[in-house]
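J.: Sharing a model that was predicted from the sequence below.
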Amino acid sequence: MPGISVEFQRVGKRFGDRTVLAAVSGTLRAGRVLVVAGPNGAGKSTLLNILAGVLRPSRGEVEYRCSDGAVPRADWFEHLGMASPDMAVYEELSAIENLRFFARLRGLHLPDATLSELLEELGLPSREHSRFVGTYSSGMKQRVKLAQALLHSPDVLLLDEPSSNLDAAGHAAVAALVARLRGHAAVAVATNDPREMAWADARIDLTL
């Protein structure tokens with residue numbers, strides 16, 4: 001189902017008496033990168049979690065659309081990939097075992113060679129693929145999180161601080177990945193990193 005866009009109208013989120021996000025609207029378009037910027041606490045991660053369907057908005061609407069019309073909410077997961085610093089990986093498994101597990105959750109049976117190629121694209125050397133993730137640095141774990149978001153070649157990719165904990169080589173790998181995907185996928189990046197802001201075709205600036 002190529003050409004999926006994500007439209008959101010006057011989306012807001014409250015946690016108790018605290019408003020985290022207020023009346024944000026925009027469109028995440030196929031083949032373009034939307035950057036969501038703003039100070040810490042402005043709701044960048046909250047907005048991405050709402051677009052992913054992880055959180056329900058307190059107000060407003062989110063709709064996934066394709067050429068045939070609206071995509072049912074139950075089908076969003078099929079088209080969506082997401083990576084964020086808060087996401088967990090299984091530290092008692094190797095990188096390959098983590099990816100194998102997440103692939104099977106999606107009904108995919110990918111050969112280890114394909115999984116290894118994906119990790120290498122993100123800068124994790126093949127000699128590291130069989131080590132327990134619990135022995136990894138934070139930057140290496142971030143590469144595994146990014147890889148699991150890409151297993152199914154998603155139509156919609158949500159990246160929350162994708163270069164978090166990555167060195168210059170890691171950032172370059174993520175930049176190359178975004179450049180490759182921007183030809184067909186709808187990509188949203190929540191960031192305050194000027195290097196990542198430069199990827200934007202469109203931008204939303206949130207405020208406290």
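T.: Everything's here; your move.

J.: contacts, neighbours, all on C-alpha from now
T.: OK.

J.: so where's the chain uncertain?
T.: In the predicted model, the chain carries pLDDT under 70 at residues 1-2.

J.: quick one, strands of it?
T.: For the chain, strands defined by DSSP state E occupy the ranges 5-15, 18-28, 33-37, 59-66, 69-71, 80-83, 156-160, 186-190, 202-205.

J.: So for V174, which of those sits nearest?
T.: Closest approach to V174 among these (Cα to Cα): strand 156-160, 10.1 Å.

J.: Each with direction, which strands does that closest one pair with?
T.: For strand 156-160, the paired strands and their directions (DSSP bridges) read strand 80-83 (parallel), strand 186-190 (parallel).

J.: Residues in contact with that strand: which ones?
T.: Among residues not part of strand 156-160, those counted as contacts by Cα atoms under 8 Å, 6 or more residues apart in numbering are 4-5, 30, 45, 48, 52, 79-85, 149, 185-191.

J.: again with stretch 112-127
T.: For stretch 112-127, with Cα under 8 Å, 6+ apart as the criterion, the contacting residues are 96, 99-100, 129, 140, 143-144, 146-147, 151, 169-170, 173-174, 177.

J.: Turn the strands of the chain into a markdown table, including distance to E196.
T.: What follows is the strands of the chain, written out as a markdown table (distance: least, Cα to Cα, whole Å):
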| stretch | distance to E196 |
| --- | --- |
| strand 5-15 | 21 |
| strand 18-28 | 16 |
| strand 33-37 | 8 |
| strand 59-66 | 24 |
| strand 69-71 | 29 |
| strand 80-83 | 15 |
| strand 156-160 | 11 |
| strand 186-190 | 8 |
| strand 202-205 | 11 |
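
J.: Of those, which is nearest V133?
T.: When the strands of the chain are ranked by proximity to V133, the top entry is strand 80-83, at 16.3 Å, counting by Cα to Cα.

J.: got a list of contacts for the longest helix anywhere in the chain?
T.: Residue-count comparison of every helix in the chain, with assignments taken from DSSP state H, identifies helix 168-181 as the longest. The contact list for helix 168-181 (Cα under 8 Å, 6+ apart) reads G31, E121, L122, G123, G139, P162, S163, V187, E196, W199.

J.: Surely the fifth one and P162 touch.
T.: By that I understand G139. No: no contact is recorded between G139 and P162 when judged using Cα atoms under 8 Å, the distance being 10.3 Å.

J.: just the strands paired with strand 156-160: most buried one?
T.: With neighbours defined as mean count of other Cα atoms under 10 Å, the strands paired with strand 156-160 peak in mean count at strand 186-190, which reaches a mean of 26.

J.: Just want the angle from that strand to strand 18-28.
T.: The directions of strand 186-190 and strand 18-28 differ by 150 degrees, with axes from the mean of the first three to the mean of the last three Cα atoms, to 10 degrees as the criterion.

J.: Could the C-alpha coordinates of strand 186-190 be exported in CSV?
T.: Once non-C-alpha atoms are left out, strand 186-190 reads as follows in CSV (Å, rounded to 0.1, in the frame of the first residue of the first chain):
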residue,chain,number,x,y,z
ALA,A,186,6.7,9.2,5.1
VAL,A,187,9.3,10.1,7.8
ALA,A,188,8.9,12.2,10.9
VAL,A,189,11.9,13.1,13.1
ALA,A,190,11.6,14.6,16.6
